[in-house]
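K.L.:
show me the folded form of this:
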Amino acid sequence: MKREEADGLVRSARPGDAQWIAAVHVATWRDAYARLLPAEFLAGLDVTEWTGRWRDRLTAPPDCVFTLVFEADGRVRGFVSGGPSRDDFAGGEVYAIYLDPRCQGRGAGRQLLAAATRLLADAGFTDASLWVLSGNHPARGFYESQGWRHDGTEHEWVPADGVRVPEVRYARPLGS
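P.N.:
Numbering: from 1, shown residues only. Prediction:
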């Protein structure tokens with residue numbers, strides 16, 4: 001079976017992409033986390049608020065932190081961000097990867113993840129990690145298909161007051 005490849009390009013994100021990134025972020029959370037996070041929490045996500053957060057991140061990113069977008073048909077359809085690990089993992093980290101639910105399954109996610117791992121390797125990291133909601137089985141299957149493995153580390157993520165959800169850490173070596 002041949003996989004359909006996404007037509008588009010992966011490029012560095014710009015502050016002007018903030019609204020598109022926020023829209024993808026919110027839409028993907030509402031889709032992927034519908035059974036994992038409270039409905040009222042997901043309904044309360046505000047694209048305008050997230051646009052401001054993303055604009056700030058893209059305008060003045062911390063050292064060694066990157067955000068890439070997948071653009072197709074003149075519009076941002078997905079994004080990935082990463083940089084140095086934010087926990088005790090000795091390596092780089094993919095902080096987030098989200099793709100418009102209508103564009104999934106066509107290769108854009110693979111392209112984004114591959115580009116992120118290349119940037120982490122180019123930055124000198126020999127290993128990378130990422131966190132995924134424990135119950136997000138489609139995402140876990142995707143990461144496993146790309147060579148990532150659960151390393152046994154787990155914790156609780158608290159996206160909002162009163163909301164707690166288990167996450168597991170995936171890792172992989174970087175290299176040629």
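K.L.:
quick one: the helices in the chain?
P.N.:
Here the chain has its helices, by DSSP state H, at 18-32, 39-43, 47-59, 108-122, 137-145.
K.L.:
the first one - contacts with which helices or strands?
P.N.:
Pointing back at helix 18-32 there. Packed against helix 18-32, as judged by 3 or more CB pairs under 8 Å, 6 or more residues apart in numbering; DSSP states H and E, are the following elements: helix 39-43, helix 47-59, strand 66-72, strand 75-84, strand 92-99. In this view, the C-beta of every residue, glycine as well, is placed from N, C-alpha and C.
K.L.:
next: the second one.
P.N.:
Contact analysis of helix 39-43 by 3+ CB pairs under 8 Å, 6+ apart lists helix 18-32 as its packing neighbours.
K.L.:
give me the low-pLDDT residue ranges for the protein?
P.N.:
For the chain, the stretches flagged by pLDDT under 70 are 1-6, 176.
K.L.:
how close does the nearest residue in space to residue 96 that is not next to it in sequence sit to residue 118?
P.N.:
Of all residues not flanking residue 96 in the chain, residue 81 sits nearest, at 5.0 Å (CB to CB, 6 or more residues apart in numbering). Residue 81 sits 14 Å away from residue 118, taking CB to CB, to the nearest Å as the criterion.
K.L.:
and the two? Which one has more around it.
P.N.:
Remark: of residue 81 and residue 118, residue 81 carries more neighbours, 23 against 12, as counted by other CB atoms under 10 Å.
K.L.:
hey, what's that one bridged with?
P.N.:
Beta bridges link residue 81 to residue 67, residue 96, judged by DSSP bridges.
K.L.:
I'd say it and residue 66 touch.
P.N.:
Yes: using CB atoms under 8 Å, residue 81 is in contact with residue 66, at 6.6 Å.
K.L.:
for the residue nearest to residue 48 when sequence neighbours are not counted, give me its contacts.
P.N.:
If the residues on either side of it in the chain are set aside, residue 48 comes closest to residue 22, at 7.8 Å by CB to CB, 6+ apart. Neighbouring residues of residue 22 by CB atoms under 8 Å, 6 or more residues apart in numbering: 47, 48, 50, 51, 53, 54.
K.L.:
neighbour-wise, which of the residues you listed leads?
P.N.:
residue 54 (25 neighbours).
K.L.:
list the contacts for that one?
P.N.:
Contacts of residue 54 (CB under 8 Å, 6+ apart): 17, 18, 19, 21, 22, 25.
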